[in-house]
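> The following comprises the amino acid sequence and a computationally predicted model.
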Amino acid sequence: MSEKNREGKRTARERLAVEREKRKAADKRRRALVVGASVVCVLGLAAVIGVVAANAGRDDGEEAAGPVVAPSGALGKDSLVIPVGKESARSTLTIWEDFRCPACKAFEQAYRSTIHELTDAGQLKVEYRLATIIDGGMGGTGSRNAANAAACAQDAGKFTPYHDVLYDNQPPETDDAFAENGKLIELAGKVDGLDTAAFRECVEDGTHNSWVDKSNDAFHRGGFGGTPTVLLDGRNIYQDRTMTPAKLKKTVQDAEKG
């Protein structure tokens, strides 16, 4: 074999090696993006372990759960759904969320304006379902207390604005600031007409705590991997990496047209 041919083969091998490295690097970047986009607040197994551990350390003589008191207007099995939007809307968006969950906040920031637009237009109804997996995984009571406060806001007909305020003021995941009822009441001051004696009593008494616990149990029984879990007419769109607010809007509006 001539020196020229050997050199040509060597150059070809080097080019192939470079291309392989480029492909490996590209694949690694794609995997990282998928993992990053797929991150939910707590994986199902970790959440279950956390809940089991938390329950295991609870004495039978500890604070007994109160009666299950559903918030005003709650629907569905065991009245665990807080509905927003017109019942006549053809499309239903079910959102399982945890007010301590950073991924839930990210979803809110991306989709909130679209969801509000569609519900205001009567084209979409939303079923909010509350979970407390951060409490179970990291300890604390902020998820439950915030969910109880949101249910108290539902009693006052102020769920949606208070829901948005909670996410706008969400503390870092490791900061259990929502465990403080005073903080939750302070945030109610950002919603016109919410900071009333009735709301304060509801928050401080934990009126809906047992209802929140029951909702969280339903989340785990559903076998969901984490929050947020977002279902459009039963289809998990949070796992659909092609989904965007614009695509959600078109899908809902197309369904409304029939």
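Yep, it's here.
> Just say helix, strand or coil for V68.
Under the three-state scheme (DSSP: H, G, I helix; E, B strand; the rest coil), V68 adopts coil.
> how about V252, secondary structure?
In terms of secondary structure, V252 is helix; the call rests on three-state DSSP.
> State the distance from it to V230.
In this structure, V252 and V230 are 13 Å apart, going by CB to CB, to the nearest Å. Placement of C-beta: from N, CA and C, glycine included.
> just K214 next, same as before
The gap separating K214 from V230 is 21 Å, by CB to CB.
> These two: who's more crowded?
V230 (23 against 17; other CB atoms under 10 Å).
> what helix or strand is the more buried one on?
Element membership for V230, per DSSP states H and E: strand 229-232.
> That strand pairs with which strands, parallel or anti?
Each strand paired with strand 229-232, and its direction, by DSSP bridges: strand 91-97 (antiparallel), strand 235-236 (antiparallel).
> What is the subsequent helix or strand relative to the longest one?
This means strand 91-97. Once strand 91-97 ends, the next helix or strand along the chain (criterion: DSSP H and E) is helix 102-120.
> Show me what counts as buried in that next one.
When burial is assessed from 16 or more other CB atoms under 10 Å, helix 102-120 yields the following buried residues: 102-105, 107-108, 111-112, 114-116, 118-119.
> what about the helix or strand where G137 lies, average pLDDT?
G137 belongs to helix 133-138 when assigned by DSSP H and E. For helix 133-138, mean pLDDT is 95.
> which secondary element of this protein has the worst mean pLDDT?
Within the chain, no helix or strand scores below helix 44-56, which has a mean of 38 by mean pLDDT, DSSP states H and E.
> following that one, which helix or strand comes up?
Following helix 44-56 in sequence, per DSSP H and E, is strand 82-84.
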